[in-house]
Each structure stands twice: as C-alpha cells, then as structure tokens.
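**Student:** Provided below are the primary sequence and the corresponding predicted coordinates.
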Amino acid sequence: MNAPAYNFAYLDEQTKRMIRRAILKAIAIPGYQVPFASREMPMPYGWGTGGVQVTAAILGPQDVLKVIDQGSDDTTNAISIRKFFAKTAGVATTTATDEATVIQTRHRIPETALNANQVLVYQVPIPEPLRFLEPRETETRRMHALAEYGLMHVKLYEDIARFGHIATAYAYPVKVNARYVMDPSPTPKFDNPKMDNCPALQLFGAGREKRIYAIPPYTQVVSLDFEDHPFEPYRFNAPCALCAAENSYLDEIVTDDKGGRMFVCSDTDYCESRQAAGHHGSLSAAPYKDKAQEAANG
Amino acid sequence: MTTIAELPPGFADKVLSAQSTFRSVMDAMARPGSVQRIVPMAGTPGPMMRGTAAIALTLFDHDTPLWLDARMAESSDVTKWLKFHTGAPVVQDSSVASFALIGDGGTLPSLERFALGTAEYPDRSTTVIVQVDSLASGRSFELRGPGIDGVATLQASVKPFDLFERLHMNEALFPRGIDVVLVADDAVVAIPRTTRIVSKGS
C-alpha cells in the first residue's frame, strides 16, 4: 500500500471547507478581515502559514503554482513552500509569472501584469492596519464598523510633521472599494498602484492573527494621502544593474565593505526574462560572456 | 421509508470534486454576473439541482446551520441526503442560518428575515442559494461593482421576479447584507452584496 500520508494539499477537508467559506465572505466584503480558525501548519508562524492555508484551500491539480519571497523565486521561504505543495498536492510549479495560475507571495506583487485567470495569495503578518495605533481588537473592530479612520490620517500627518513627507514606505494603508482601510501586507508602497483595478483576484491570509481578506478583481484600491501630499510610489533612482530596467522595484545589494553597492530588480523572474531578451545592465555578466564566446569562436 | 442505501450518492471523489466546485463558486463570487459551470456531479435528491447538490457537499458541514424553504424541507430525500452527506443542522429560524436553500423562489421570504451580519461582523450573514429557471435566457440585467470590469450583463429567468430589486437593500446595508448564489442546473452566478443591478428589460 502506498496510501498518501496526507490529504491532497495537506489540509483536511473540514478545514478547507471552513477556509473556503471565509474566502467567499472575504470576496463579498472587500477589505474586511474575516476571522477563521487558522490551523497549525508544519512551518512556524511568520513563514507564511496564512498564505499557505489559503493556497491549500483553493489549489487544484490543474493549477500551476509560483511562490515568491520579496519578489524572488529562489529564497528559502519560496522554495520550501513551492516544494511543500509539489509534494502534498502534486501540482506543477513555475517561476514564470505569466505561466502561473496561483501565485503565493511574501511582500511583493510581480512586475509582469497579472491576468484574469490568476489568483494572487499574500502572506500577511499583521492584517490589522490600525493595530499599532490602537492595540485593542474590540476598538479597532468598532472603528472599522463606523469607518472611523481619522487615526490613520493622523499617523500619516505625523509623518509629514516630522519628516516633511509621508515616510511610510511599506504596508502603506489603502482604502478598498471606498469603505474599508486595509493593510496591503508589508509590500513596498511601490506596489500599491498594482492593486487598483487589478484583473486578478487577490487573497490575503494571516495565519497567526487568524484573518482572511480579499480584493476582488477590478476593485478600486486607493492609497491614503492628502491633497497637498499626494501618494507617491517610491523607487531608487537607478536602473537595474543586471537588466537595465527603469521601472521595476529595486533591491539594494551591498557588494563590499567600502561602500560599494548595486541595485537589482527584486522580481527575479522579471529580471531574468529581460536579460534573456537581451537587456543588459552595467554590472551584467552577459557582455563578458558574449566576449568570451566571441574570443572562443575566433 | 428511504434507507441510506437508497440515498443518492455524494461526490465520487470528495477531495477534488469539492475543490473544483469551490473554484467555480469562488470565480462566480469574484466576478459577479459571470456564469460559471460546476463540473463534478453528485446525486440530486428530490428538487435539488446538480449545482446545488455540489455546492452543498462543498460548503456545508456541522458548523453551518441551514435554512430550507418549504419546497426543500418537505422533501424527506433532501433532508436525509443533507444530513447524511453534510451533517449540517437544519434550523427553523432563518436569522441564524449560514446558508439558505431556496427550491422555489416564488416563496422566498423577506430578505430581512435572514442573517444580515452586524456592523462589527458583517461576515456573519446568510448566503442564500436560489434555484432559478435559467441563467442563459430571460430578462437582461446590467451589473456593476467590485469584480466587474465596467459593466457586466446577465440574462436570467429568476423567481421571485423582483429578486434583484429586493437586493437593492444591500446598498444601504453595506457592509452588512445578503450574498446570493443563483443556480440553474450546473450553471452558477453569484451576486455578492457589493453588486448593483439594473434591469434592462427582456
């Protein structure tokens, strides 16, 4: 007997039903955090247990799964979650954004535009945008009920008073469908505009905090701001050192102990596809490879 | 008397059938007005359609109180089948139900009698599953709201005839409200509480 040790996609069916019901409510009430009975997963809280449970509840054998961690397909968290589902669900996996049907992400939205056949699943550490302003759940719940979001504007105003601009660079609060203020998870605010009117369904899972929320496709998502201090996505003012992209979100990489650094795309799939298409940045290895090839060919 | 051996079957493959059915319902909820197909088939007791049966097997269990309309409740096949395959408790008070199964839309009670959720917990509301005549022909409706790129059109033949007018109450109630799932045979359309519907005549 080679009976599988686990159910398809790890979770038992009763748990999946519970999560699926929460997902349907989350879609029906965009931006509202639906409580759910989060389970212990075979990985610690903080490693994407919420996203993993959402993915496990929606994943089917026909799906193609992509997992990214800060934009990268090849860091520990991304690889282990990808292997987890390859093992427990037998699904095909990919690193190419446009081939994936389900994309689980930690803290980035892919640079390649998403399409209507895709679901983006976010791993969320703290789902409550008001939590650091008001620690009591009873109070934040009432603030959401009354759409009383003045406190969040005060926080952004205090940024302006102290720094001269809104200094919040990630987990930048958004208002969904003109009703709920929502934490977009700690994505850089560079990604916030991609959430607005996105053709793909966006689901958010917070395992430790036991909340699921959603942005349906083609839904208005507005980053909070002021008339005289409008929202501005932030990006290092440099091209990618590997693929020369001028419009992607960049990671700063320290290269030596003398202040040397390079900026590269945080989205590895985007960067690699651009390099494969012939785009080369200032520090790309490709020109040297080409020269070596030429020398070898005589 | 119906014995368990005579009950219509559930899913042949519980796990993958439930997954496939859920994705159809999720897509329907995420894209209101779009007609999704439910592929996996189960037995259909009494007046229950194929799509309704599949949704019941996918979403109902001991945690979800059910309210049945007279058409569903008077069929002992339905109640026995639901009890055996889902274990969901059937309740008489529609205001505490997680799901309501409506076999005959003509007798749909006032929507205020279902759970509408609270301002703090708008998710604690009844999802009303209504069996309708057709989701391919009938009157035309224009839908707007989250999940819809501009305007979606739906052709449907539904009872009660004023169902979509009644759903206008969702506009004032939001974020409280009623989410509706329409089923015609294996076709499913969802109307979440965010969707605004205008009739365009026939």
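**Tutor:** Looks like it arrived, so ask away.
**Student:** could you find the closest non-adjacent residue to the residue nearest the centre of chain B?
**Tutor:** Centroid check for chain B by CA atoms, centre = their mean gives B:Ile129 as the closest residue, at 1.8 Å. In this structure, B:Ile129 finds its nearest non-sequential neighbour in B:Val181, 4.7 Å apart by CB to CB, 6 or more residues apart in numbering or on different chains. Just so you know, the C-beta spots here come from the backbone N, C-alpha and C atoms, and that holds for glycine as well.
**Student:** quick check on the one you found: phi, psi?
**Tutor:** With angles defined as degrees, to the nearest 10, B:Val181 sits at phi -120, psi 120.
**Student:** quick one: it and B:Ile55 touch, right?
**Tutor:** Yes. The pair B:Val181 / B:Ile55 is scored as a contact, 6.9 Å apart, by CB atoms under 8 Å.
**Student:** give me the common contacts of those two.
**Tutor:** Taking CB atoms under 8 Å, 6 or more residues apart in numbering or on different chains as the contact rule, the neighbours common to B:Val181 and B:Ile55 are B:Val25, B:Ile129, B:Val188.
**Student:** before we move on, back to that, which SSE is the residue nearest to the centre of chain B in?
**Tutor:** Assigned by DSSP states H and E, B:Ile129 belongs to strand B:127-131.
**Student:** could you say what helices and strands that strand packs with?
**Tutor:** Packing partners of strand B:127-131 (3 or more CB pairs under 8 Å, 6 or more residues apart in numbering or on different chains; DSSP states H and E): helix B:50-59, strand B:99-102, strand B:179-184.
**Student:** quick one: residues in contact with the second one.
**Tutor:** Which is strand B:99-102. Strand B:99-102 is touched from outside by B:48, B:52, B:56, B:59-60, B:64-69, B:71-72, B:78, B:88, B:94, B:108, B:114, B:126-131, with contacts defined as CB under 8 Å, 6+ apart.
**Student:** from the middle of its chain, how far away would it be?
**Tutor:** Its chain's average C-alpha position is 6 Å from that of strand B:99-102, according to CA atoms, centre = their mean, to the nearest Å.
**Student:** quick check: residues of the stretch 151-298 of chain A near chain B?
**Tutor:** Residues of the stretch 151-298 of chain A lying close to chain B (CB under 8 Å from any CB of the partner chain) are A:Asn177, A:Arg179, A:Tyr180, A:Pro199, A:Leu201, A:Ile215, A:Pro216, A:Pro217, A:Tyr218, A:Thr219, A:Gln220.
**Student:** now render those as CSV, adding pLDDT.
**Tutor:** Output for those, formatted as CSV (pLDDT from 0 to 100):
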residue, pLDDT
A:Asn177, 97
A:Arg179, 97
A:Tyr180, 98
A:Pro199, 98
A:Leu201, 98
A:Ile215, 98
A:Pro216, 98
A:Pro217, 98
A:Tyr218, 98
A:Thr219, 98
A:Gln220, 98
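**Student:** A:Pro217 versus B:Arg144, what's the distance?
**Tutor:** Note on B:Arg144: its distance to A:Pro217, by CB to CB, to the nearest Å, is 13 Å.
**Student:** the more surrounded of these two?
**Tutor:** Between B:Arg144 and A:Pro217, counted using other CB atoms under 10 Å in any protein chain shown, A:Pro217 has the larger neighbour count: 23 against 16.
**Student:** hang on, the more buried one packs against A:Leu201?
**Tutor:** Yes. Using CB under 8 Å, A:Pro217 is in contact with A:Leu201, at 5.5 Å.
**Student:** tell me the buried residues in stretch A:218-232?
**Tutor:** Across stretch A:218-232, burial judged by 16 or more other CB atoms under 10 Å in any protein chain shown covers A:Tyr218, A:Thr219, A:Gln220, A:Val221, A:Val222, A:Ser223, A:Leu224, A:Phe231.
**Student:** the third one contacts A:Val174, correct?
**Tutor:** Pointing back at A:Gln220 there. No. A:Gln220 is beyond contact range of A:Val174, at 9.7 Å (criterion: CB under 8 Å).
**Student:** quote the end-to-end distance of stretch A:260-270.
**Tutor:** Its first and final residues considered, stretch A:260-270 spans 24 Å by CA to CA, to the nearest Å.
**Student:** hmm, who's touching it?
**Tutor:** Residues outside stretch A:260-270 that contact it (CB under 8 Å, 6+ apart) are A:66, A:68, A:70-74, A:95-97, A:108, A:110-112, A:236, A:238-243, A:245, A:248-255, A:271, A:274, A:281, A:283.
**Student:** which stretches of the stretch 151-298 of chain A form strands?
**Tutor:** Secondary structure of the stretch 151-298 of chain A by DSSP state E, counting those that start in this stretch: the strands cover A:174-176, A:180-182, A:201-206, A:211-215, A:221-223, A:250-254, A:261-265.
**Student:** okay if I get those as JSON lines plus distance to B:Ile102?
**Tutor:** As requested, the strands of the stretch 151-298 of chain A are exported to JSON lines (distance: least, CB to CB, whole Å):
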{"stretch": "strand A:174-176", "distance to B:Ile102": "30"}
{"stretch": "strand A:180-182", "distance to B:Ile102": "29"}
{"stretch": "strand A:201-206", "distance to B:Ile102": "27"}
{"stretch": "strand A:211-215", "distance to B:Ile102": "26"}
{"stretch": "strand A:221-223", "distance to B:Ile102": "34"}
{"stretch": "strand A:250-254", "distance to B:Ile102": "53"}
{"stretch": "strand A:261-265", "distance to B:Ile102": "52"}
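**Student:** the ones you listed: which one's closest to A:Tyr122?
**Tutor:** In terms of CB to CB, the element of the strands of the stretch 151-298 of chain A nearest to A:Tyr122 is strand A:201-206, at 4.5 Å.
**Student:** wait, what's in contact with the closest residue to A:Thr112 other than its chain neighbours?
**Tutor:** Spatially, and ignoring its direct neighbours in sequence, A:Thr112 is nearest to A:Thr97 (4.1 Å; CB to CB, 6+ apart). By CB under 8 Å, 6+ apart, the residues touching A:Thr97 are A:Lys66, A:Ile103, A:Pro110, A:Glu111, A:Thr112, A:Leu114, A:Asp267, A:Asp269, A:Tyr270.
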